[in-house]
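Chemist: based on what follows, work out the 3D shape:
(4 chains)
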Amino acid sequence: MSSTIGLEPVLGRSDEMIVNMGPQHPATHGVLRVVIGLEGERITRAVPHIGYLHRNHEKIEESRTYFQVVPFTDRMDYVSGTQNELPVVLAVEDLAGIEVPERAKMIRTMFFELFRIASHLVWMGTAMLDLGAITPFLYTFWDREIILGIVERTAGARMLPNYYTFGGVRRDLHPHFFKDVAEFLDHLEKRMPDYEHLVLENPIVHARTVGVGVLSKERAVARGVSGPVLRASGVAYDVRKAFPYDAYPEVEFEIPTSDAGDTYARFWVRFQEIYQSVKILRQLLEKTPKTGPFKGRAPARLKISGERYRAVENSRGELGVYVVGDGGDKPYRIKHRGAAFSNLQVIPDLFIGAKFSDAIAILSSLDPVFGEIDR
Amino acid sequence: MGLLGSDERPRDIILGTLDDLINLARSRSMWPLTFGIACCAIEMMATWDPKVDADRFGMFFRNTPRQADVMIVSGTVNKKLAKRLRRLYDQMAEPKWVISMGACANQGGPFRHGYSVVEGVDKIVPVDVYIPGCPPRPEALLQALLLLRDKISDRELRYKRPQEIATDYDVFAEPGEDGRIPVL
Amino acid sequence: MSLLNEVWQAVKAIGTGMATVHKRVYEEAPTEFYPYVELDLPPVSVQSLALVENEDGTERCIVCLQCERACPSQVISIERHRNPEGKGFLIDRFDIDLVNCMYCSACVEACPVSSIVTIQDFELSTYDLHTLKADIDFLHEQARRSKKWYSPKLGVEIRTEDGRIEKAPPEMQPGGLAELLKPAAEEEES
Amino acid sequence: MDLRIKRERLFDEDVYTVHPDDYRALCEQLKKDGFDYPRAISSLDMGYGLRVVLQLTRMSDLAKVEVRTDVSYDVAAVDSVTDLWPGVEWHEREAYDLMGISFRGHPDLRRLLLEEEWDLHPLQKRYDTGGYLIPDWRPADWPDPAPWQEPAPSQEDAAPEGGEGE
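Modeler: Coordinates of the predicted model:
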C-alpha cells in the first residue's frame, strides 16, 4: 500500500508492467502524473506524483496585502472562479469584524452557485471526453459560455473575476443580471434532460462506471475527502449546511447523497447538485433586492491579528483557508486547504484492483483541478 | 534555404510557388498538442467550443506530440514541469511552433516572484507568438493562432529551427554519444 | 436472451443519443465568427488597461501612486517630480508591464480620479514581448483608440463621435438598475 | 491522562496547544473521542520554532477541534498521525516539503510538491528575501541561514503558550 519510489517502480517485478500516465495526458485534467503498475489489465500499484503546477501561492501571498491576496486565490481552483475568494474573504471579515450587507451576501451566493454550475458543466464535458464521447463537451461548454457571459457583464472577467471583496462585492450587478440568470436557468432546465440522456442514462457510461472504484463510507471519511466524492459514499456532509455562510441559511436545498460510492454515484451526485444549484438560484432571484448596498464598510488598510480557519463548499468539496495575521496589513501565513488535494489522495485506494481503462473513469469522477492541488 | 527565403529570388521560378503552397498547407492545418497546464487551459478548451470554434480554421487537437505542429503553453511552467515541457517539445516533429498563452507562460506573470516558477517559457523553448492576459479570452487565443498562421505562410520554408535558445537550464535533452536523445 | 437484450440496449442507446443530438441541429449555432465579425464586449470587461486624458488633452492622472501600491502583481512603476509651478506632481515615467499583469482591475479600483481605466481591447497578441511593456504613450494611445471604458468612480464612459467624453446610459452601467427603476417608481407615485 | 495541554476556545472550535511529546497521545485520545474527519494539517514558522496545526471534525455532531504543537528548529519532528487518519498523508508530506517538519512514522515521507533534489523548505521565514523578489531558486543563492539560528531557543522556554500543562 505504501508507495516507495526508488528503483523498484522503474524496474518493476518480472510479472509487472509499469505504465507512466502524465503529466501530459489528455485525461488527467491537468498535470497529474500517476505511475501505474499493471498485471495484465489489473492495476497493482498506483503512485500519484503532483507538484507540476506548484506556483507557491502561500509564499507569495505572505508578501501581499489582504486586498492583494484575493485575486491570487482566484487562480487556485480556476474552473470555479469566485468560489476561491470566499474563504479568505470570510476569514478576514471574521477577524476584522467587518459587517456584510444582506444583499451583498445574496449576490455572493448567486455567483457562488453560478460558478458551481459552470464547474460541473466543465466536469461533465471533460469526463465524457475521457470516456470517449465528444458531443457532451460541445454542449456543456456552450452552456458554460452563457454563465461566463453573465459573469463578465457584471464582474468584468469571464473566469477569474476578482469580484468578492471584504464587506461585500466589488461592483453592483449589471441591470440585466436578474433577467439573464432567469433566462439561463430556464435554458438549463431544458437542457438537463438531454444531459441525462447523454450521460447518466448512457449504457456505455453505465458499463464503465457502475461498480467501478468503490470508496467505502469509512474510508472516505478517514481519507478526508469532501464534496461530491464524499457524498457519493453516503456521508451527508456539506459545508453549506454544516457551517453555513453567506446567504445559505436563508435558502432551502437538499444534500444529494448516494450509498453506492462508485464512479457512477459520483457522476450522479454532481448532476443532482446542478439541480440543487438551480433551486438555490431561483430562490435567490426572488429574494435578492434589486437595488441596495452591495458593499459594507471596510477599512482601506486592513490590519489583522489572530488566526482563523474558514471553509466553504466549492464545486469540489471543502475549500478551506487558515489565515494567521500578526497585526500587519499582510498575512503572516495563509494555508489553503484544497478540496481536490484531499480528494486526490484516494487514488491508490481506488486504482489498485481496478482495470487500467477504469483508471481514466475514476480519475474523471474525482474531478481534480491542479491549480488547487499544487497551489 | 537562402534562395527560397531571400527577396531577390526570381518570382517566376516554380520552386517559389511550391514553397508557398507548402506553407499554405501548413498554415491551414495547425494541429495543437493537448497539453493543458493551468487556468489558460480552460480557455484553450473554450477556444474549441461551439461559440468561438477554432475548428473553422482547420485546427484540431492531437493527443500525442508526434502528431502535433503547435504547442500552446497554457499556464504556469514551474521548474518541475520545465523538463517535461522541453521533452514534449523535443518529441514534436519539425516544423513546430510554440504559442505562449497568458501572463504566466510569457514571463511568470503574477507568480514570477515565487521560488518555483520559470520566468517565461521562452527560457525553455523558442516561442513564436505571445498572448497577454490572465487568462486571455478565447478570441485572443484565436487571434494569436491567426497571427501564427500569417507567420507560417509569410516565412521561408523551414524544416528545422535554428538552435536560438541558449540557457543555463539543465533540462535539455542532450543527445548522447550515439546521437540519440536519452530517455528518462 | 441476454445477447438479444444487449443488442436491444445498444440500439436503444444509439437511438437516444442520435435523437438528443438531432434536436440541436435546428437550433441556432452560437458561433460568433470572431475575426470576421467584430466582438461586442460588455463595457466593464477587463481586457487591457489605458490611461485616459481629459477632453482638452490634459492629464487626468495626479500621480498619487495609489495604483502602484494596490497592484497585486506589482507591474506598475511610476516616477514623478514635484510640479515647479502650482500644486501636485508631474509624471516622469508611467510604465505598466502588461505582460505580467493579472487583469484584476485593482489599480482601477484604487485610482481616485478614474484616470487608469479598463478597456475591451483584447487583440494584443504579439511576436515580440517588448511591445507589451506599456509606457505612457502606449497607454494614452490605448485610451484614444477605445470607444468605452470603465472605472468604478465614474462608471462606464463613452467617447462620442466628435471626441467628447460622456457618461454611458444606465443600462450599460453596473448598478444602473437603480437608476432605471427610479423613474418607474416616481411614475407610480404620481 | 497526564498530558501537557492548554485548552482554549476560539470562535467555534476548541484549540488544544500541546507539548510535541504528547501530540501523538492527544491525537489518539481525540480519535477515541470520535473525531474521525481530518480537515487539514497546516504548518507555521513562528520565529522561535515551527508549529503544526491539525484540524479535525467529528462527523456525528460537527464539532471542530484544532491541535497545535510547537517544535524547535533543531528538532523539527513530531509523530505522524497517518495511521489514525489516512487523510493527512499528503498534508504531512506537504508540511515536510514546504516547512521542513519531519513526521516520525510516516509511511512515505518524500517531497510532495517540489522535486526530490531540492534541499530547502521555502515556507520558512528565513527564505524570505524582503517579501518581494526571490531572485533564484538554487540553494546556493539563498541567504546564509546562520544568524537567525543562534541562540536556538529550547522548546519550553520559547513557547509563549502551551508547554506546561494545566
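
Chemist: so where's chain B shaky on pLDDT?
Modeler: Applying pLDDT under 70 to chain B picks out residues B:1-17, B:155-184.

Chemist: now do the helices in it.
Modeler: B:2-5, B:14-27, B:39-47, B:79-91, B:102-107, B:138-154 (DSSP state H).

Chemist: pick the most deeply packed of those helices.
Modeler: Among the helices of chain B, judged by mean count of other Cβ atoms under 10 Å in any protein chain shown, the one packed with the most neighbours on average is helix B:102-107 (a mean of 29). C-beta coordinates here come from the backbone N, C-alpha and C atoms, glycine included.

Chemist: that helix close to chain D?
Modeler: No: looking at helix B:102-107 against chain D by Cβ under 8 Å from any Cβ of the partner chain, there are no contacts, and the closest approach is 13.1 Å.

Chemist: helices or strands next to that helix in the packing?
Modeler: Taking 3 or more Cβ pairs under 8 Å, 6 or more residues apart in numbering or on different chains; DSSP states H and E as the contact definition, the neighbouring helices and strands of helix B:102-107 are helix B:39-47, strand B:70-74, strand B:129-131.

Chemist: and those as TSV, adding distance to chain D?
Modeler: What follows is these, written out as TSV (distance: least, Cβ to the nearest Cβ, whole Å):
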stretch	distance to chain D
helix B:39-47	18
strand B:70-74	19
strand B:129-131	22
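
Chemist: want to try JSON lines for these, with distance to residue A:244 as columns?
Modeler: Compiled in JSON lines, the helices and strands packed on helix B:102-107 are given as follows (distance: least, Cβ to Cβ, whole Å):
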{"stretch": "helix B:39-47", "distance to residue A:244": "29"}
{"stretch": "strand B:70-74", "distance to residue A:244": "37"}
{"stretch": "strand B:129-131", "distance to residue A:244": "41"}
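
Chemist: nearest to chain C, out of these?
Modeler: For the helices and strands packed on helix B:102-107, the distance to chain C is smallest for strand B:129-131, at 4.7 Å, taking Cβ to the nearest Cβ.

Chemist: just how off-centre is the closest one within its chain?
Modeler: The chain centre lies 10 Å from the centre of strand B:129-131; the measure is Cα atoms, centre = their mean, to the nearest Å.

Chemist: what residues does that strand touch?
Modeler: The set of residues that contact strand B:129-131 without belonging to it, under Cβ atoms under 8 Å, 6 or more residues apart in numbering or on different chains, is B:97, B:99-102, B:106, B:140-141, B:143-144, B:147-148, B:151, C:99, C:124-129, C:132.

Chemist: contacts only, for the residue nearest the centre of chain B.
Modeler: With distances taken as Cα atoms, centre = their mean, chain B has residue B:98 as the residue nearest its mean C-alpha position (1.2 Å). When contacts are counted by Cβ under 8 Å, 6+ apart, residue B:98 touches B:70-73, B:89, B:121, B:125-128.

Chemist: chain D: strands as residue ranges?
Modeler: With DSSP state E as the definition, chain D shows strands at residue ranges D:5-10, D:13-18, D:37-45, D:50-57, D:64-71, D:77-79, D:102-104.

Chemist: between these, which gets nearest to chain B?
Modeler: strand D:37-45 (14.8 Å).

Chemist: show me which of the contacts of residue B:98 are buried.
Modeler: Buried positions within the contacts of residue B:98, assessed by neighbour count (16 or more other Cβ atoms under 10 Å in any protein chain shown), are B:70-73, B:89, B:121, B:125, B:127-128.

Chemist: can I get the residues you listed in CSV including distance to residue A:252?
Modeler: Rendered in CSV, the data for those read as follows (distance: Cβ to Cβ, whole Å):
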residue, distance to residue A:252
B:70, 49
B:71, 49
B:72, 44
B:73, 46
B:89, 53
B:121, 48
B:125, 53
B:127, 52
B:128, 54
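
Chemist: tell me the one of those residues nearest chain A?
Modeler: The shortest distance between chain A and any of the buried ones among the contacts of residue B:98, using Cβ to the nearest Cβ, involves residue B:71 and amounts to 10.0 Å.

Chemist: quick check: residue A:176 touching residue A:149?
Modeler: No: Residue A:176 sits out of contact with residue A:149 when judged by Cβ atoms under 8 Å, with a separation of 10.6 Å.

Chemist: what sits in contact with each of these two?
Modeler: Going by Cβ under 8 Å, 6+ apart, no residue sits against residue A:176 while also sitting against residue A:149.

Chemist: circling back: what's the least confident stretch among the strands of chain D?
Modeler: Least confident of these, judged by mean pLDDT, is strand D:5-10 with a mean of 80.

Chemist: return the set of buried residues in that one.
Modeler: Of the residues in strand D:5-10, those buried under the neighbour-count criterion (16+ other Cβ under 10 Å) are D:5-6.

Chemist: so what strands line up beside it?
Modeler: According to DSSP bridges, strand D:5-10 has the following sheet partners: strand D:13-18 (antiparallel).

Chemist: so which bits of the strand it pairs with are buried?
Modeler: D:13, D:15-18.

Chemist: OK, contacts around residue 37?
Modeler: Defaulting to chain A. The contact partners of residue A:37, taken as Cβ under 8 Å, 6+ apart, are A:9, A:12, A:16-19, A:43-46.

Chemist: please refer instead to chain D.
Modeler: Counting by Cβ under 8 Å, 6+ apart, residue D:37 touches A:221, A:224, A:237, D:56-59, D:85, D:87.
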